[in-house]
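> kindly return the folded structure for what I paste below:
(one chain, ligands or ions: 1)
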Amino acid sequence: MATITFLGTGHGGGAPGRFQTSILLHTEGARILLDAGEPCTYSLLSRGFALDDLDAVWITHAHCDHTAGLPMLLQASKLRRRSRALPLGLPAHLVEPLRAWLRASLLPVEHLRFPLEIFTWKAGEPVEFQGASVLPRHTSHLDRYQDELQDKSLEAFSFDIRVEGKRIVYTGDIGGAKDLEPLLAEPVDLLICELAHLSLAELLAVLATAKVGTLCLTHIVEREGLDRAAIRLQCSEKLDQVDSVYLPDDGEQIEL
Ligand SMILES: [Zn+2]
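Predicted coordinates:
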């Protein structure tokens, strides 16, 4: 059985009462942090989670609401005397800036005391990890920056995870509803979907024909007069084929 703990469910603009995006995926074989929005270290420790027990960190994209907790997580792991390796999955363009950020924080990778095993995502190339398989998929979330910042390596990913016979899709941040279509071409046991970069109407339309067991909406921007209660109501009224719909708060857990 996999347990998913939503450590932070806010959107990138800063949502009162909510931390930034970070999710702990706890399977039989591994404890993996999906994104490291702040204050993920505080959230893990507050729940009695030992940082040494973290098996990997997988980052979907470089926006700071998904990454700003990462240097603190590494600093705290060092100070708590972690010794075993920590695999860290990153978009390729983030590797050197992260190294520079750590150096600026007086925390060069070589001084961490534990091996930081950085690897980079390539869209469509699965990564096997302790009984789980993750297929990183390109999203269009950062495509416009490729021209604006003249860097074609800028990329955001969704994670298509297979573990314990289940399929978990974590969208990360998408560019629009179109990014969901390939993710929903096959049945999904758990869809963790952001609701900041598409409207509820667009989400409902793309989910109308999808086979989804449990839907968790995070990163919610309340707009068009729709608050969380209204979003929940519309989902329950219009998504008959979805077994369960959650709009988790920080700290909520679901089991799969
Ligand atoms: Zn975000």
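
> up against the ion, what does the stretch 151-256 of the chain have?
Residues of the stretch 151-256 of the chain lying close to the ion by Cβ under 5 Å from the ion are D173. In short, each C-beta sits where N, CA and C put it, glycine included.

> ok, now with 6 Å
Residues of the stretch 151-256 of the chain found near the ion (Cβ under 6 Å from the ion) are D173, H219.

> now do the helices in the stretch 151-256 of the chain.
Using DSSP state H, counting those that start in this stretch, the helices of the stretch 151-256 of the chain run over 180-183, 200-207, 228-238.

> mind putting these into JSON lines with mean pLDDT and mean neighbour count?
Below are the helices of the stretch 151-256 of the chain laid out as JSON lines (pLDDT from 0 to 100; neighbours: other Cβ atoms under 10 Å):
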{"stretch": "helix 180-183", "mean pLDDT": "96", "mean neighbour count": "18"}
{"stretch": "helix 200-207", "mean pLDDT": "95", "mean neighbour count": "18"}
{"stretch": "helix 228-238", "mean pLDDT": "92", "mean neighbour count": "14"}
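
> make CSV out of these and add distance to G8.
Below are the helices of the stretch 151-256 of the chain laid out as CSV (distance: least, Cβ to Cβ, whole Å):
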stretch, distance to G8
helix 180-183, 22
helix 200-207, 21
helix 228-238, 16
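
> and of these, who's closest to L70?
Using Cβ to Cβ as the measure, helix 180-183 is the one of the helices of the stretch 151-256 of the chain that comes nearest L70, at 24.9 Å.

> what are the buried residues along stretch 237-250?
L239, V242, V245, Y246, L247, P248, D250 (16 or more other Cβ atoms under 10 Å).

> what number of residues lie near the closest residue in space to the fourth one that isn't next to it in sequence?
Setting aside the residues directly before and after it, Y246 is nearest to C216 in space (Cβ to Cβ, 6 or more residues apart in numbering), at 4.7 Å. Using other Cβ atoms under 10 Å, C216 has 21 other residues around it.

> got a list of what whichever residue of the stretch 151-256 of the chain sits closest to the ion touches?
Nearest residue of the stretch 151-256 of the chain to the ion: D173, at 4.3 Å (Cβ to the ion). Residues in contact with D173, defined by Cβ atoms under 8 Å, 6 or more residues apart in numbering, are G12, T60, H61, H63, H66, T139, H141, A156, E194, A196, H197, H219.

> same thing with R82?
L51, D52, R113, F114.

> hmm, 6 Å instead?
D52, F114 (Cβ atoms under 6 Å, 6 or more residues apart in numbering).

> again with K211
K211 is in contact with P187, counting by Cβ under 6 Å, 6+ apart.

> quick check on it: phi, psi?
With angles defined as degrees, to the nearest 10, K211 sits at phi -100, psi 100.

> do you know how far it is from L184?
According to Cβ to Cβ, to the nearest Å, K211 and L184 sit 8 Å apart.

> ditto for Y42
Y42 sits 34 Å away from L184, going by Cβ to Cβ.

> can you read off the pLDDT for L247?
In this model, L247 is scored at 96, pLDDT.

> quick one: it and G165, what's the gap?
Between L247 and G165 the computed distance is 26 Å (Cβ to Cβ).

> tell me which residues touch the closest residue to I174 other than its chain neighbours, please.
Excluding its sequence neighbours, the residue lying closest to I174 (Cβ to Cβ, 6+ apart) is T139, at 4.6 Å. Contact partners of T139, counting by Cβ under 6 Å, 6+ apart, are A156, S158, I174, G175, D179.

> most widely separated two among those residues?
For the contacts of T139, the farthest-apart pair by Cβ to Cβ is S158 and G175; their separation is 10.7 Å.
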